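Enquirer: task: produce atomic coordinates for the following.
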Amino acid sequence: MGTIRAEAVINYAKLLEYGARRGGLMYAFARGEDGRKIFVHPSDCGDVQPQRFDRISFTVDDSDPRGLRARDVQIVQAAVVVPEQLADRTIVCCDCRAVFVWTVAEQRFYLMRRLRTPKRCKPCVRTFREQYPNGMPPR
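Expert: Okay, here's the model as predicted:
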């Protein structure tokens, strides 16, 4: 087992889609300074949960025959920093032209998951998803 401390950027992160730990890290891959791929598992991360584009510091484990693995992972620089001065925003729905409030809690949720600003109110989102279950209208 190597004792070399290294830094890399997470370039792929698979998150859990279902269950009580939904949104939690399933596994990730980082790209080292030398271009080699490094496997990151949540059991090696402790309390931190790295996301895509986060810069991490870790101990390199080269004893696994499948490839390099990151152990004792720590986040050096988070890719998304949530601004402290968020305020509720009013947005006009693109479908029904109704005005709806985008709360601070929703904004933090969207920022942490790197989602775009919503453009539809909740009733119109529900209607859109019922009309287009695959997510895209036909061209």
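Enquirer: in which helix or strand does residue 26 reside?
Expert: strand 25-31 (DSSP states H and E).
Enquirer: downstream of that strand, the next helix or strand is which one?
Expert: By DSSP H and E, the next helix or strand past strand 25-31 is strand 37-40.
Enquirer: quick one: buried residues of that next one?
Expert: The neighbour-count check on strand 37-40 (16 or more other CB atoms under 10 Å) flags 38, 39, 40 as buried. To be clear about C-beta, it is placed using only N, CA and C from the backbone, and glycine gets the same treatment.
Enquirer: pLDDT at the last one, what is it?
Expert: At residue 40, the predicted lDDT confidence score is 91.
Enquirer: what's the spacing between it and residue 63?
Expert: From residue 40 across to residue 63, the span is 16 Å (CB to CB, to the nearest Å).
Enquirer: spit out the contact partners of residue 67.
Expert: Contacts for residue 67 were tallied using CB atoms under 8 Å, 6 or more residues apart in numbering; they are 37, 38, 39.
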